[in-house]
Structure formats: C-alpha cells, structure tokens
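Colleague: sequence unknown, structure follows:
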C-alpha cells in the first residue's frame, strides 16, 4: 500500500472517529474538556502569533492537535474561535493558565500536556525568536517547571522540527 493510500485511509478513519464521537456526545464536551479546549487553543493562538507571523509549520501543528483530539465539528469551531482570540491578543495568557490550574494543578499529566504542546508549537518552524523564548520562560515559571529545563527541551524539539515530519 502506497503512502497516499495509507494517508487516505488514516484520514478516513479519523473522520469516522470524529463522526462517531459527535453522534454519541451530541457534539458536547465535558466541562474539563471544554476548559482544555479553550485554554489550549487560546494559548496556541497566542504563541503562534507572538512573533507576528503564523507559519505553515505552526498551522500544521495546530490542525494536527485538533485531529489528535478527535474534536466534533462544534468543538472544532470553538477551538478555532479560541485560537483567533489568542492570535488577536484578546485574552490574558496568565489568567488562562490560572483558570486551567484551578482544575488541573501543576505537575498533573494534563498540565504537562498543555505545556508540552505549547513548546512543540513554538519550535514547529525550526526557530525560537527572542519574544517567543521570553514568553516561554514566563509560562515555565508560571506553571512551576524548572527554567533550566526549558532550553534543552526546546533544543530537542527544534532538532525534531528540522529533521522533518517523520519524528
């Protein structure tokens, strides 16, 4: 089976999972899922546009995140709305983090997942601009992670981004 065929089948399977999810959930998310959607995509929008340019690489990471979450159509629209809020700076990222930390305390898998997704997005285009690094430092401190771990983590993500999509 060729790559195009395999990609078509996996895309079809993804769409099927989304449709089934929507049928059984009615398109509604649990409150903690809704919070994650709002905060995650709001912050992804904020990080993506922090340097004033949303690259194709960043867009690919954001779309892949939506696919990975198997968001029903209504939830996908809410994610896009949150993304736009973040891109336009219509949210305070630290208040959003505080909202998230009220439900998912620091050092939980959910908080770590949020943090990792933000770092992955920042590194997606293969470079970290100074304003991105400054913001990531602030997020790291806000979430209670060791600042000395940030640059090695970013180094690994940048190397993976430069190596290509196979990683």
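Modeller: Here it is on my side, so go on. Owing to the predicted nature of the structure, the values given are computational and were not obtained by experimental measurement.

Colleague: drop to CA atoms for contacts and neighbour counts, all remaining ones
Modeller: Noted.

Colleague: ok, now how distant is residue 143 from residue 88?
Modeller: 23 Å (C-alpha to C-alpha, to the nearest Å).

Colleague: likewise residue 109?
Modeller: 28 Å.

Colleague: Which helix or strand contains the spatially most central residue of the chain?
Modeller: The centroid of the chain falls nearest to residue 117 when counting by C-alpha atoms, centre = their mean (4.6 Å). When elements are assigned from DSSP states H and E, residue 117 belongs to helix 109-123.

Colleague: Got the confidence number for residue 163?
Modeller: Listed pLDDT for residue 163 reads 84.

Colleague: Repeat that for residue 73.
Modeller: pLDDT, residue 73: 85.

Colleague: With residue 113 instead?
Modeller: Residue 113 is assigned 96 on the pLDDT scale.

Colleague: Can you report how many residues lie near it?
Modeller: 13 (other C-alpha atoms under 10 Å).

Colleague: and the gap between it and residue 97?
Modeller: Distance from residue 113 to residue 97, by C-alpha to C-alpha: 13 Å.

Colleague: And residue 108, by the same measure?
Modeller: From residue 108 to residue 97 the distance is 13 Å (C-alpha to C-alpha).

Colleague: for residue 105, same thing?
Modeller: Residue 105 is 10 Å from residue 97, by C-alpha to C-alpha.

Colleague: The two - which one has more neighbours?
Modeller: Per other C-alpha under 10 Å, whichever of residue 105 and residue 97 has more neighbours is residue 97, with 19 against 14.

Colleague: Pretty sure that one sits against residue 39.
Modeller: Yes. Contact criterion C-alpha atoms under 8 Å: residue 97 and residue 39 qualify, at 7.2 Å.

Colleague: related to what we said a few turns ago, so which of residue 143 and residue 88 has more stuff around it?
Modeller: More crowded of residue 143 and residue 88, by other C-alpha under 10 Å: residue 143, with 18 against 14.
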